[in-house]
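S.K.: Structure for the following, please:
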Amino acid sequence: MTKKIKLKMSARLLKKRPRRSSGSSKKRCRFCDNQEQLLNLDYKNATFLRGFMTERGKILGSRISGMCCRHQRDMAQAIKKARTMALVPYTAQYF
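M.R.: Numbers count the residues shown, from 1 in each chain. Sure, this is the predicted structure:
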C-alpha cells in the first residue's frame with residue numbers, strides 16, 4: 001500500500017484572506033435588456049453616440065461600456081458611419 005503524503009500549507013497562504021464575492025452579478029448589455037434603447041442606436045443620433053466615446057474620440061471597449069459583442073459591433077459601425085458623415089469628430093479638437 002502506498003502511504004498518503006499530507007501536504008503542509010505555507011504560513012503565507014494561511015494568512016492570505018480569500019476574496020470577497022461581491023453581490024453584484026455579471027454585467028448585462030443595456031440593449032439586450034431594453035429593446036427601446038436599440039432604436040437609439042443609429043448613426044444620426046450623435047449625442048447618444050458620444051456617450052460611448054472618450055473625450056479624445058476613441059470608441060470605448062465592451063468591457064467598459066458593458067455591451068455584448070453583437071451590440072458593440074453595431075455601436076462601432078454606427079460611430080464610424082457618423083464620423084464619415086462628420087456628425088462625430090475623429091479626434092479631439094485643439095484650439
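S.K.: what's the spacing between Leu38 and Ala11?
M.R.: Leu38 is 54 Å from Ala11, where distance means C-beta to C-beta, to the nearest Å. Any C-beta I mention is one placed from the backbone N, CA and C, and that applies to glycine too.
S.K.: Please say which of the two ends up with more neighbours.
M.R.: In this view Leu38 and Ala11 are compared by other C-beta atoms under 10 Å, and Leu38 has more residues nearby, 13 against 8.
S.K.: close enough to count as contact, the more buried one and Phe31?
M.R.: Yes: if you go by C-beta atoms under 8 Å, Leu38 and Phe31 touch, sitting 4.9 Å apart.
S.K.: Now for these two: what residues contact both?
M.R.: His71 (C-beta atoms under 8 Å, 6 or more residues apart in numbering).
S.K.: longest helix of this protein?
M.R.: helix 69-84 (DSSP state H).
S.K.: and the residue nearest the centre of the chain, which of the three is it?
M.R.: By C-alpha atoms, centre = their mean, the chain has its centre lying nearest to Arg63, at 2.3 Å. Secondary structure, DSSP: H, G, I helix; E, B strand; the rest coil: Arg63 is helix.
S.K.: just for this structure, where's the confidence low?
M.R.: 1-2, 4-10, 12-14, 19-26, 94-95 (pLDDT under 70).
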